[in-house]
Each structure stands twice: as C-alpha cells, then as structure tokens.
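*Asks:* Return atomic coordinates for the entry below.
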Amino acid sequence: MIKNRLKRCREDLEMTQKEFGNVFGVSDSTVWGWENAYDTMPLKKLVKFSNLYNYSLDYILGLNKNNKKYSDKIKLDKKAVGEKLKKLRKKLGLSQQKIADECGISRATYCHYEIGMNLITTLTLYTICKNHKISMDEFLR
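*Replies:* Numbering: from 1, shown residues only. As a prediction, the model looks like this:
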C-alpha cells in the first residue's frame, strides 16, 4: 500500500474530507480510505488534484520529500501513457511479464496498459516508479 501525504495536503488547503470529496465527486469516507491507505486514489483524480492545487505527484505519494512545483499541467491520455510505459520497459530491458510480476498483476493487464486499452492504475505506476527510482511527475509530463 501507498503511504501518502494526501491528508497533509488536504489539511494544508484547509479543506474538510467532505469538501475534498465534493471536489472529486466522492464521499468523505472514500477520502478517509485514500488518506489512511485503505484504498488508492485513482490516477485521474490524483492528477486532477495535482493540477488543481499544484502538488507534486511524487510528494503526494511519498516518492519525494519535496513538493516540486510544476508550471505545466499533466494531461492524461491512456495511449500516450501506454507508449511511455513501453519505452520505459524497453529502456530498462524488462519483459512485460517481469514488470507485471513486480507489480503483482497479470501480463495481460500490463499489456492492456501498454497498448493504451486501459489507463494504468495509481498503485501499478507507483510500484514501477518506486522500484526503478523514477519520478512519476516527470514520467507523466
């Protein structure tokens, strides 16, 4: 599970869980689950949060201790993300099966991410970034 700084970020913004949930179209109990690592914030919502409030994905997810500010916003496109995944995997010299095993998912699921059929999950991308010391912010920009 991802131990994140989402609660700290929300509190810095002086928002309640209910207010935060309203922004993202979820209940306050869902926000509580994200903040307490019972569930993972979906990548689209995480990127929306990063873009709206100028928090680094790496900072939110605990991949970095500093909240680097970016002037450009992340635009999620599952095909473009898939192409980046394929390029990264080849650069690392890994098979789809090896990456899938690292992430605890099936090769078919990973393949669907790589070909852009499905958008990669936050947890899977986090695992890849953490294992290979890659900035999620820089990967998605």
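*Asks:* and Asp72, what does it touch?
*Replies:* Arg141 (C-beta atoms under 8 Å, 6 or more residues apart in numbering). C-beta here means a position set from N, CA and C on the backbone, and glycine is covered the same way.
*Asks:* Backbone dihedrals for it, please?
*Replies:* Backbone torsions of Asp72, given as degrees, to the nearest 10, read phi -90, psi 150.
*Asks:* Tell me, what's the model's pLDDT at it?
*Replies:* pLDDT for Asp72: 90.
*Asks:* How about the one 3 residues further on?
*Replies:* In the prediction, the pLDDT value recorded for Lys75 is 93.
*Asks:* Longest helix of this protein, counting residues only.
*Replies:* Ordering each helix of the chain by length in residues (DSSP state H) puts helix 78-92 first.
*Asks:* where does the helix or strand just after that one sit relative to the chain's centre, distance-wise?
*Replies:* Downstream of helix 78-92, the next assigned helix or strand under DSSP states H and E is helix 96-103. Relative to its chain's centre, helix 96-103 lies at 17 Å (C-alpha atoms, centre = their mean, to the nearest Å).
*Asks:* Show me the contact partners of helix 96-103.
*Replies:* Arg89, Ser106, Arg107, Thr109, Tyr110, Cys111, Glu114, Leu123, Thr124, Thr127, Ile128, Asn131.
*Asks:* With stretch 27-43 instead?
*Replies:* Here stretch 27-43 has contacts from 1-4, 6-7, 10, 16-18, 20-21, 24, 49, 76, 119-123, 125-126, using C-beta under 8 Å, 6+ apart.
*Asks:* in it, what's buried?
*Replies:* Thr30, Val31, Trp34, Glu35, Asp39, Thr40, Met41, Pro42, Leu43 (16 or more other C-beta atoms under 10 Å).
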